[in-house]
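A.B. asks: coords below, sequence missing:
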């Protein structure tokens with residue numbers, strides 16, 4: 001019997017279109033003999049849809065809600081049930097429902113807010129449905145660049161000097177931000193919205209004027225902003241990890257080739273240079289042309305951060321090498337990488353369909369592990385209340 005796999009993509013995020021690419025790739029490469037795949041699209045307004053039209057990438061250019069079926073997610077016995085959205089609300093309130101799909105396991109192909117940041121993962125945890133991505137904590141930390149770097153630093157991982165600010169401080173105490181950046185970091189710096197991926201909203205600033213423009217862009221995308229010391233002699237290397245709990249392995253490394261001599265891999269370099277095929281179309285050198293010691297260090301750090309953040313499924317960790325000092329720095333972790341980083345696993349003998357198999361396996365392992373935990377506790381609180389104890393006494397115990 002086939003496993004019912006629900007691939008979820010889209011959502012209310014600046015990375016909506018990139019998510020569509022990853023979602024359709026995952027649905028295409030899932031083994032048809034193993035999985036019955038349902039494409040689940042979350043539109044820009046947050047509505048959920050299923051339907052055959054969702055397999056065609058051109059459909060999203062002029063999305064027509066009338067050509068697909070709107071659904072609502074509910075759960076039962078560890079399954080995700082997609083029920084038809086009722087045109088008559090009274091039918092829903094009276095308990096009537098029409099189940100269109102029953103999903104055994106979910107593969108989130110989300111990028112950015114409202115999907116990769118722990119929000120979808122929290123919903124699936126509450127529904128008690130298995131899913132392939134990292135959990136709530138690691139997803140949320142991996143999404144927020146400020147919190148991520150604080151965790152990296154706390155774990156003793158190498159990171160570039162940085163500071164951060166927010167929209168309120170930028171609007172009300174701009175001169176303080178200038179002074180802090182110029183005193184603690186100096187120019188050049190990179191200015192990054194805290195909760196965006198795909199290099200959206202990121203700018204390099206070589207002076208105060210550049211910095212002011214970069215900040216205006218960044219705070220338009222996010223309330224919080226990371227400001228990071230720029231490396232001028234830079235090489236970028238990526239590496240992926242796959243697994244759950246004690247079962248973790250590391251992929252080959254890659255060095256992305258920057259597009260049109262760009263100073264960093266911006267959105268265009270990542271997603272527009274290959275005809276809209278996502279991260280899989282990016283030019284890259286595999287393995288990364290770095291020293292054996294740097295290869296070993298990057299792979300060691302990748303496994304360490306995967307374990308420290310309690311990740312699951314497949315992640316990609318991005319590194320920066322400062323060639324002026326030959327120092328390797330942690331850049332960021334992507335808990336749902338573009339194209340699921342399959343191109344980093346093929347060189348070590350794991351095909352895209354096999355990668356999906358591994359992710360599904362770890363999803364069920366994590367789900368079984370989670371359900372071993374106790375989620376109830378017998379106390380005398382309600383009994384005491386029913387017996388007439390005064391409200392606020394907590395069963396007579398002192399607080």
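C.D. replies: Arrived safely. Being a predicted model, the structure only gives us computed values, none of them experimental.

A.B. asks: now the longest helix seen in the chain: mean pLDDT?
C.D. replies: In the chain, assigned by DSSP state H, the helix with the most residues is helix 352-370. Averaged across helix 352-370, pLDDT comes to 98.

A.B. asks: Report the secondary structure state of residue 383.
C.D. replies: For residue 383, the secondary structure call by DSSP: H, G, I helix; E, B strand; the rest coil comes out as helix.

A.B. asks: cool, residue 204 as well?
C.D. replies: What three-state DSSP gives for residue 204 is strand.

A.B. asks: my guess is it contacts residue 189, does it?
C.D. replies: Yes - between residue 204 and residue 189 there is a contact under Cβ atoms under 8 Å: 7.5 Å. For the C-beta atoms, the positions are set from N, CA and C on the backbone; glycine is no exception.

A.B. asks: May I see the buried residues of stretch 137-148?
C.D. replies: Residues 138, 139, 140, 141, 142, 143, 144, 145, 146, 147, 148 are the ones in stretch 137-148 that count as buried (16 or more other Cβ atoms under 10 Å).

A.B. asks: Stretch 202-218 now?
C.D. replies: Buried, per 16+ other Cβ under 10 Å, within stretch 202-218: 202, 203, 204, 205, 210, 211, 214, 215, 218.

A.B. asks: which secondary structure element contains residue 5?
C.D. replies: Element membership for residue 5 (DSSP states H and E) is strand 3-10.

A.B. asks: Parallel or antiparallel, list what pairs with that strand.
C.D. replies: Strand 3-10 has the following strand partners under DSSP bridges: strand 35-42 (parallel), strand 105-108 (parallel).

A.B. asks: got a list of contacts for whatever helix or strand comes next after the first one?
C.D. replies: Helices and strands here follow DSSP H and E; after strand 35-42, the next one along the chain is strand 48-50. Judged by Cβ atoms under 8 Å, 6 or more residues apart in numbering, the contacts made with strand 48-50 from elsewhere in the structure are 38-43, 65, 68-73, 82, 100-101.

A.B. asks: out of the strands paired with strand 3-10, which comes closest to residue 1?
C.D. replies: Closest to residue 1 of the strands paired with strand 3-10, according to Cβ to Cβ: strand 35-42, at 9.2 Å.

A.B. asks: Just the residues contacting the closest one, thanks.
C.D. replies: 2-12, 20, 23-24, 27, 30, 48-50, 54-55, 68, 71, 82, 101, 103, 106, 114-115, 356, 360.

A.B. asks: quick one, what contacts the residue nearest the centre of the chain?
C.D. replies: Closest to where the C-alpha atoms of the chain average out (Cα atoms, centre = their mean) is residue 116, at 3.3 Å. Contacts for residue 116 (Cβ under 8 Å, 6+ apart) come out as 13, 15, 108, 110, 133, 139, 142, 143, 197, 335, 336.
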